[in-house]
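Enquirer: Could you look at this predicted model? Sequence included:
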Protein chains: 2
Amino acid sequence: MADVKYLKDFGEAEILRRLQQFCPAEIIGDDGAVLALPPQESLVVTTDILVDGVHFSDRTMPAEKVGWRAVAANLSDLAAMGATPVGITVGLSLPPETPMPWLDQLYQGMAACLGRYHTPLVGGDLTRSPVKTVAITALGTVSPNRIIQRTAARPGDAIVVTGHHGDSRAGLELLLEPNTPAAQGLAVGDRQALIDAHQMPLPRLDVLDHVTALPLTWPLAGMDSSDGLADAVLQICQCSGVGALLQAEQLPISPALRRYQPPEIAYQWALYGGEDFQLVLCLPMFAAQSLLQMLPGQGAIIGQITVDQTVAIADGTGKKMPLSRSQTFQHF
Amino acid sequence: MADVKYLKDFGEAEILRRLQQFCPAEIIGDDGAVLALPPQESLVVTTDILVDGVHFSDRTMPAEKVGWRAVAANLSDLAAMGATPVGITVGLSLPPETPMPWLDQLYQGMAACLGRYHTPLVGGDLTRSPVKTVAITALGTVSPNRIIQRTAARPGDAIVVTGHHGDSRAGLELLLEPNTPAAQGLAVGDRQALIDAHQMPLPRLDVLDHVTALPLTWPLAGMDSSDGLADAVLQICQCSGVGALLQAEQLPISPALRRYQPPEIAYQWALYGGEDFQLVLCLPMFAAQSLLQMLPGQGAIIGQITVDQTVAIADGTGKKMPLSRSQTFQHF
C-alpha cells in the first residue's frame, strides 16, 4: 500500500476540486448555495451527524457505505415529514491522515444514494479534525397541508409499517460476528440481504405519492423507524397523547432474519434494533389497507392506536408486555 | 469544582430538553423543522464546522464565545450572498465528559447572536464524539435578482470593505500572548475591543438594506472576509476573470490595532489575518461612495478592479507587491 495518498499530501484547493465534481456546476464557488423552491411549499430541514467509532467503523462499513447510509438517514427524515428532497449539504471533518481513496469513496456512496432520489449535493464544508465526522443537513419541501407529524395519531388508527424490521440489526450482527454457527449456516443470499439492509438502507420516499393519493384528513401521524420501531411508536403516542397495542405476530420479519435467528431474538431486533428506515404511519383502517395494496408487499398493519395511554405489544396468546423505553437507543 | 455535572450524568432526554428551550416551541419534536418562506425568494444555504483544537480552544474561547462566533460566521456567509437569515440548525458532537455548563453556555452564546439578528434555532442533532465539534447550517432567503456573487466583478469597480481589518487576528494574539511588552502596554479599552473583535464578530447583515437601496446593476460582486481580506479579493478576481490593485494606505486599520502593533504587522494582519467577517464588495465608484456615506464610519474604498488579471497592493511610494495566496488560511 506504499502508493496510497492521504489528505495531507494534497492542498486544500485540490481536495475541494475533487469534491466539487459531485456538485452541480452552477452552484460552486460562492459562500452558499442558492436554490429556487416550488412556490406554495414549506421548507423542511433536518440534520444528522455520523461519528467514526460511534455510528460507523472501518470494521463494519467501507467508506462508500458510510456515504450511502449518511444520505439515506437524512432522506428518511424528510420522508418521515412527508417532504420531497431538494438538496443536501455535507460538513466533513477529517484527520489529515485519511487516505484520499476513503474520501473519494465516501462521496461516491453519497452520490449513488443522492442519484437514486434525484437530489443534488448543494454545498458543504471541509475541515481537519482528529475524528472522522460527517454532518449532513437535508432540505426538502412539502405542501403545508400534507405534512406528516408525530402529534396527529387518533384512537382507532391502524399502525402501518412500510417494510421489514430487524434486518439492519441482523446485518450489523453478521458484520461483527461473522463466525457464529448461525452466521455460518446462513445462505449467501440471506447473508447479503441482511448486510445490505444495514449498509444500504432505502429511505421510503416512494411511499409519499401513495399516501397523498389516499382520501385522508391531514396532518397524518407518522415518523421513520431509524431509532427503532418501538421508539417510533412510543414517540408518536407520547406526542399525540394516546397509547397503542401492537400484535407481535403482525411484525413484518423477513424470511432471511427468520432463517438466521430464533423468533425471540428476531422480534427483539424488529422492535428495538433500529436503523431500518421504514415509515411508521397511523391512519384509518380503510386507508391503511389501501396503502398496503399499493406497497411492494413487505408492509403490514402491526396494531392500533388506543385511548388508553399505555403502549404495549400482545403475543399470540394475548399476553401483553409494555414497550420498553430503556431498550431504545440512547446517544449519551 | 466537585459539583460540576457532565453530559454523561444526564440522560439524552434531559439534555435535549435543556437545548430545546432555545428552539421555538412550535417546531420541537418532529424529524425535521418546517419553515414557511417568503414567496418569490430563493433559498440560500451555507454550512460551517468548528472543531475543538482547530477553530477554538478553552485557552482562547469560553463556550459562550464559541457559540456566538459559530453563529456569526454562518450569518456572515448569508450576508456575503445578500441573504436574510431564516434559521439555523446545529449539529453537535461532544464527549460525554463535557461539563454541562459548557453546553449551556454554548447555547446561550448562540442564542445571544441569533437574537441580535432575529433568527430562530430550528433544529439539530446531538451525538457523542471524542472531539467537540459544532456543525452549523444557516438558511436564508434572497430575491433572485439581488444576489451577491463572486463572479460579477467588472474592471473599474471600486473595492469597498465595510469595516476594520486585522482586529480579529490582534485579539487572538492578545489571548495567546497576553504578557508581551506590546500587550502589557495596551490600554484596557483597546485590549477589550480587539479581543471582542475576535470572540464576538458582528456579521454585516446591516449593510444589505443599504446595498439594495443603491441604483445598481445586479448581481453585485462580493463575499465576506472570513478567510482574510487578501483571500476575498483573490477569490473574487479569480471567479470574475479580472485583477485588482489595492492601496495599502487605504486599508481601514483600527486605532487600537495601530497602538498595539507597528504598521508592517498591522497591514499583514489586515490582509491575511482573517475572521474579520466584513463584506468585500465591488461596485461602481459613485455607488461605493454612496454606500460608505450610509455605513457607520469604518468602511473604506481600498482599491479598484483591473482588466489586468494580477492582484497586487501598492504602498505609499507606488511600489506594487502581488497578494500572496500561500499566506491565506489552508485547512489541510
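Expert: Received the coordinates, thanks.

Enquirer: Tell me where the model's unsure across chain A.
Expert: Chain A contains residues with pLDDT under 70 at A:1-2, A:26-31, A:327-332.

Enquirer: Tell me which residue is most central in it.
Expert: Most central in chain A under C-alpha atoms, centre = their mean is residue A:277, positioned 3.3 Å from the mean C-alpha point.

Enquirer: Run through the helices of chain A in chain order.
Expert: Using DSSP state H, the helices found in chain A span residues A:12-20, A:63-81, A:100-116, A:167-176, A:181-184, A:188-199, A:206-213, A:229-240, A:255-260, A:263-272, A:285-294.

Enquirer: Need the winner for burial among those.
Expert: Comparing these by mean neighbour count (mean count of other C-beta atoms under 10 Å in any protein chain shown), helix A:63-81 comes out on top with a mean of 26. The C-beta positions use only the backbone N, C-alpha and C, and glycine is treated the same way.

Enquirer: got the CA coordinates for it in PDB?
Expert: In PDB, the C-alpha atoms belonging to helix A:63-81 read as follows (Å, rounded to 0.1, in the frame of the first residue of the first chain):
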ATOM      1  CA  ALA A  63     -16.400   4.500   3.100                       C
ATOM      2  CA  GLU A  64     -18.800   4.100   0.200                       C
ATOM      3  CA  LYS A  65     -21.400   2.600   2.500                       C
ATOM      4  CA  VAL A  66     -20.900   5.300   5.100                       C
ATOM      5  CA  GLY A  67     -21.700   7.800   2.400                       C
ATOM      6  CA  TRP A  68     -24.800   5.900   1.300                       C
ATOM      7  CA  ARG A  69     -26.100   5.500   4.800                       C
ATOM      8  CA  ALA A  70     -25.500   9.000   5.900                       C
ATOM      9  CA  VAL A  71     -27.500  10.300   2.900                       C
ATOM     10  CA  ALA A  72     -30.200   7.600   3.300                       C
ATOM     11  CA  ALA A  73     -30.700   8.500   7.000                       C
ATOM     12  CA  ASN A  74     -31.300  12.200   6.200                       C
ATOM     13  CA  LEU A  75     -33.600  11.500   3.200                       C
ATOM     14  CA  SER A  76     -35.500   9.100   5.500                       C
ATOM     15  CA  ASP A  77     -36.000  12.000   8.000                       C
ATOM     16  CA  LEU A  78     -37.500  14.100   5.100                       C
ATOM     17  CA  ALA A  79     -39.800  11.200   4.100                       C
ATOM     18  CA  ALA A  80     -40.900  11.000   7.700                       C
ATOM     19  CA  MET A  81     -42.200  14.500   7.400                       C
END
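
Enquirer: for chain B, what are the nearby residues on the stretch 51-200 of chain A?
Expert: Contact residues (C-beta under 8 Å from any C-beta of the partner chain) of the stretch 51-200 of chain A with chain B: A:51, A:53-55, A:77-78, A:80-81, A:83, A:87, A:89-93, A:96, A:122-131, A:133, A:135, A:137-140, A:142, A:144, A:147, A:149-151.

Enquirer: From those, keep the buried residues only.
Expert: Buried by 16 or more other C-beta atoms under 10 Å in any protein chain shown: A:51, A:54-55, A:77-78, A:80-81, A:83, A:87, A:89-93, A:122-131, A:133, A:135, A:137-140, A:142, A:147, A:149-150, out of these.

Enquirer: Which of the residues you listed fall within strands?
Expert: Counting by DSSP state E, the part of those found in strands is A:51, A:87, A:89-93, A:122-128, A:133, A:135, A:137-140, A:142, A:149.

Enquirer: and residue A:306, what are its bridge partners?
Expert: residue A:243 (DSSP bridges).

Enquirer: From chain B, how far out is residue A:290?
Expert: From residue A:290 across to chain B, the span is 24 Å (C-beta to the nearest C-beta, to the nearest Å).

Enquirer: Verify the contact between that residue and residue A:214 for me.
Expert: Yes. Between residue A:290 and residue A:214 there is a contact at 5.9 Å, judged by C-beta atoms under 8 Å.

Enquirer: CSV please, covering the helices of chain A and showing distance to residue B:163.
Expert: As requested, the helices of chain A are arranged in CSV below (distance: least, C-beta to C-beta, whole Å):
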stretch, distance to residue B:163
helix A:12-20, 27
helix A:63-81, 37
helix A:100-116, 37
helix A:167-176, 52
helix A:181-184, 63
helix A:188-199, 50
helix A:206-213, 47
helix A:229-240, 46
helix A:255-260, 62
helix A:263-272, 55
helix A:285-294, 57
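
Enquirer: and residue B:8, which of those is closest to it?
Expert: helix A:229-240 (21.0 Å; C-beta to C-beta).

Enquirer: what packs against that closest one?
Expert: strand A:220-224, strand A:243-247, helix A:263-272, strand A:279-283, strand A:300-306, strand A:311-314 (3 or more C-beta pairs under 8 Å, 6 or more residues apart in numbering or on different chains; DSSP states H and E).

Enquirer: what do you get if the cut-off is 6 Å, keeping everything else the same?
Expert: strand A:243-247, helix A:263-272, strand A:311-314 (3 or more C-beta pairs under 6 Å, 6 or more residues apart in numbering or on different chains; DSSP states H and E).

Enquirer: Can you point out the buried residues in the last one?
Expert: In other words, strand A:311-314. Using 16+ other C-beta under 10 Å as the test for burial, strand A:311-314 gives A:311, A:312, A:313, A:314.
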